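In: sequence first, then the predicted structure, then my questions.
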Amino acid sequence: MKTSIPTLSLVLAAAGVFNPWCSAAPAATLEHNEFDATLLAPYHGDVRDARTFTLSFEYPGLQAGRKARRPVTWRLELVTPSGRRVAQWQGRLALGGTPRDVAVRWSGILAGRRPTPGIYRVRLHAASGSETADQAWDIAVGSVPTPALPAFSPLPTGRARMMAMPAPGALPYTVYYGNLHSQTRDSDGGGPVDNCHGAQDPQTAPYGPDAAYPYARRHGLDFLMVSEHNHMYDGSDGTNPDADPAQAKALYRAGLKTARDYSDANPGFLALYGMEWGVIGNGGHLNIFDSDELLGWEKNGKGELLADTPTAKSDYAALYALMRQRGLTGQFNHPALTGQFTVNGTPLAYTPDGDAVMALCEVVNSSAFSVSENEGETRRSNFELACNKLLEAGYHVAFSSNQDNHCANWGASYSNRSAVLIPNGVPLTRASFLEAVRARRVFATMDKDAQVVLTANGHLMGERFDNTGALRLQVAYASATGRQAATVAIIEGVPGRNGDVSQLSDKADVTTAPAPGAHFYYAKVTQDDGKILWSAPVWVTQQP
């Protein structure tokens, strides 16, 4: 059937044709002077599937004035369940020192008719100079059948939101929910919410780790990771030639001690302290959860290293090797499809050392500069495309969902959480947390009161195993607040193929016959309110 592709004409002075190959602009120099674009795509429509998509654009650090304005071009696409593009909108705008929102209204009609019911995808590609941003969210169009789900006894939780005791025959784990990405005044976070408008000048905000942990605990989190930028311990976003190496290293050690002391004094809550290593420009951020050493590359004017251990800037192969040598554990933070985690010229490149140490991939991040304290933030980014590329490259990563808080609202900006499964009877400690993460017993959720678990022939998500014959995949879901699963997707890929994942099934219980060789599978559950949960993958080597 021939389908027309409507184009939206925006009432913007700079409106024009989308051009993804627009002229390059100089790379940003400060850490958060970077282009950011997010897409809010309501899962359900209002009247006859009509809905408004909200595109939010920001370039933190730009000053007021015409010379500081940056041109932005964007393209929004609506894609059918089969992958066919059926609608497109595009436009231009000039971005200054304040965020800009663009509302795109879709009538719910395609080629004069109601579209075929199903799960459609809305994709945003935006560019500002050489910087790009890609976002994608699923939406429900028409009446989509509710999936049948296997019986599931919800797992107990750290704060007993689901149930106080595990049901007979339930999986022997307790679920703990937290936030694995945040900053305080030790780097560029900790700004008061009443006047926080972005990243702070390093070490100038009033609130440090000693404020972050009790705040997160009061707001119902079981754990909080304070992940300070490793290159800001000199008190600058560049390099301070007068910095004292002893002070930089002492500040890092003080953060570790604050976390240990708070955990010891508050059983049931885990305070984690570590670093967000790397830079955005020609780099990529990753969290290191368990390093007692400050890793860095900056030197003061005397040539003294402003860290405990030298690591070359943007040399990810060398960093992975050092992390493996030290037994460290990491998370890819807000990964982009291009220009990040590059090894030998290839972005998102696989190395055996990297595979050994990188356990998580951040699939959702709420706005880093949110000031919401009631989980009302609407700006959030989806990095599933890049996480899938890492899985296809060969990485054994589970999904996490974090907030990257730079204001003093640690864990409170949105309802998303990273969740870890700890054996029943084992307390939540740094050791048990790391054991769970290394085993990939982790799921990512946009709803702090929901659970998802994937099993494969009885093997729990996160496991790697050999299989002969049929493979039965089962998706278990539970909500403590009465939410229902609107859709289920089981995603399949091949590690090391460097291709694209595909949807194996829209059923929660499916038996398949994999081709001989390596495979990975993960589950994605979308609730009736549009919030999504991602299970960790299972990795299966199918024997002939």
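Out: Right, received. Where do you want to start?

In: so what's Met323 closest to, chain neighbours aside?
Out: Using CB to CB, 6 or more residues apart in numbering and skipping the chain neighbours, the partner closest in space to Met323 is Val357 (4.2 Å). Placement of C-beta: from N, CA and C, glycine included.

In: separation between the one you found and Val437?
Out: Going from Val357 to Val437 by CB to CB, to the nearest Å gives 11 Å.

In: buried residues, the longest helix seen in the chain. List them.
Out: Secondary structure of the chain read by DSSP state H shows that its longest helix is helix 245-265. Residues of helix 245-265 classed as buried by neighbour count (16 or more other CB atoms under 10 Å): 245, 248-249, 251-252, 255-256, 258-259, 262-263.

In: residues in contact with Ala476?
Out: For Ala476, the contact set (CB atoms under 8 Å, 6 or more residues apart in numbering) comprises 149-150, 152, 451-455, 508.

In: ChimeraX command for the buried members of these?
Out: The ChimeraX selection below is limited to those of these classed as buried (16+ other CB under 10 Å):
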select :149,152,451,452,453,454,455,508
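
In: number of nearby residues for the residue nearest to Met323?
Out: By the measure other CB atoms under 10 Å, the count of residues near Val357 is 22.

In: re the thing from before, can I get the contacts of Ala476 in a markdown table with secondary structure and pLDDT?
Out: Compiled in a markdown table, those are given as follows (DSSP: H, G, I helix; E, B strand; the rest coil; pLDDT from 0 to 100):
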| residue | secondary structure | pLDDT |
| --- | --- | --- |
| Leu149 | coil | 95 |
| Pro150 | coil | 93 |
| Phe152 | coil | 93 |
| Gln451 | strand | 98 |
| Val452 | strand | 98 |
| Val453 | strand | 98 |
| Leu454 | strand | 98 |
| Thr455 | strand | 98 |
| Ala508 | coil | 98 |
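
In: can you redo the contacts of Ala476 as TSV with distance to Pro209?
Out: Putting those into TSV (distance: CB to CB, whole Å) gives the following:
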residue	distance to Pro209
Leu149	40
Pro150	42
Phe152	37
Gln451	29
Val452	31
Val453	32
Leu454	34
Thr455	37
Ala508	41
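
In: from the contacts of Ala476, which single one is nearest Gly83?
Out: Distances from Gly83 to those, taken as CB to CB, are shortest for Ala508 (22.7 Å).

In: identify the residues contacting that closest one.
Out: 147-150, 474-477, 485, 488, 523.

In: ditto for Leu533
Out: Per CB under 8 Å, 6+ apart, neighbours of Leu533: 443-447, 450-452, 477, 524-525, 527.

In: how far away from the center of its chain is stretch 195-204?
Out: On the basis of CA atoms, centre = their mean, to the nearest Å, stretch 195-204 sits 22 Å off its chain's mean C-alpha point.

In: helices along the chain, start to end?
Out: 209-218, 245-265, 316-326, 352-357, 384-393, 430-438.

In: now those as JSON lines including distance to Gly91 and mean pLDDT?
Out: Formatted as JSON lines, these follow (distance: least, CB to CB, whole Å; pLDDT from 0 to 100):
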{"stretch": "helix 209-218", "distance to Gly91": "39", "mean pLDDT": "98"}
{"stretch": "helix 245-265", "distance to Gly91": "44", "mean pLDDT": "98"}
{"stretch": "helix 316-326", "distance to Gly91": "36", "mean pLDDT": "98"}
{"stretch": "helix 352-357", "distance to Gly91": "38", "mean pLDDT": "98"}
{"stretch": "helix 384-393", "distance to Gly91": "22", "mean pLDDT": "97"}
{"stretch": "helix 430-438", "distance to Gly91": "42", "mean pLDDT": "98"}
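
In: could you measure the residue lying closest to Gln543 once chain neighbours are set aside against Glu492, distance?
Out: Spatially, and ignoring its direct neighbours in sequence, Gln543 is nearest to Thr468 (4.7 Å; CB to CB, 6+ apart). Counting by CB to CB, the gap from Thr468 to Glu492 is 18 Å.

In: same check, this time on Tyr213
Out: Tyr213 is 40 Å from Glu492, by CB to CB.

In: Ala431 now?
Out: Counting by CB to CB, the gap from Ala431 to Glu492 is 34 Å.

In: those two: which is more packed in?
Out: Glu492 (18 against 11).

In: quick check: bridge partners of that one?
Out: Ser502, Tyr521 (DSSP bridges).

In: Arg121 too?
Out: Going by DSSP bridges, Arg121 forms beta bridges with Val79, Asp138.

In: can I get stretch 310-322 in PDB, CA atoms only?
Out: Output of stretch 310-322 as PDB, limited to C-alpha atoms (Å, rounded to 0.1, in the frame of the first residue of the first chain):
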ATOM      1  CA  PRO A 310      47.900   7.300  35.800                       C
ATOM      2  CA  THR A 311      45.400   6.500  33.100                       C
ATOM      3  CA  ALA A 312      45.700   8.000  29.600                       C
ATOM      4  CA  LYS A 313      42.800  10.300  28.700                       C
ATOM      5  CA  SER A 314      40.400   8.500  26.300                       C
ATOM      6  CA  ASP A 315      42.500   5.400  26.000                       C
ATOM      7  CA  TYR A 316      39.700   2.900  26.800                       C
ATOM      8  CA  ALA A 317      41.700  -0.200  25.800                       C
ATOM      9  CA  ALA A 318      44.400   0.700  28.400                       C
ATOM     10  CA  LEU A 319      41.800   1.600  31.000                       C
ATOM     11  CA  TYR A 320      39.900  -1.800  30.600                       C
ATOM     12  CA  ALA A 321      43.200  -3.600  31.000                       C
ATOM     13  CA  LEU A 322      44.000  -1.700  34.200                       C
END
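
In: returning to that earlier point: of the buried residues of helix 245-265, closest to Tyr233?
Out: Ala248 (3.9 Å).

In: how close does the nearest residue to that closest one once chain neighbours are set aside sit to Gly208?
Out: Nearest residue to Ala248, sequence neighbours excluded (CB to CB, 6+ apart): Tyr233, at 3.9 Å. Distance from Tyr233 to Gly208, counting by CB to CB: 13 Å.

In: check Lys531 too.
Out: Remark: distance between Lys531 and Gly208 (CB to CB) = 32 Å.

In: what's the answer for Ser381, then?
Out: Distance from Ser381 to Gly208, by CB to CB: 26 Å.

In: list the residues that contact the residue sitting furthest away from the middle of the chain.
Out: Most distant residue from the mean C-alpha position of the chain: Lys302, 38.5 Å away (CA atoms, centre = their mean). Applying CB under 8 Å, 6+ apart, we find Lys302 in contact with no residue.
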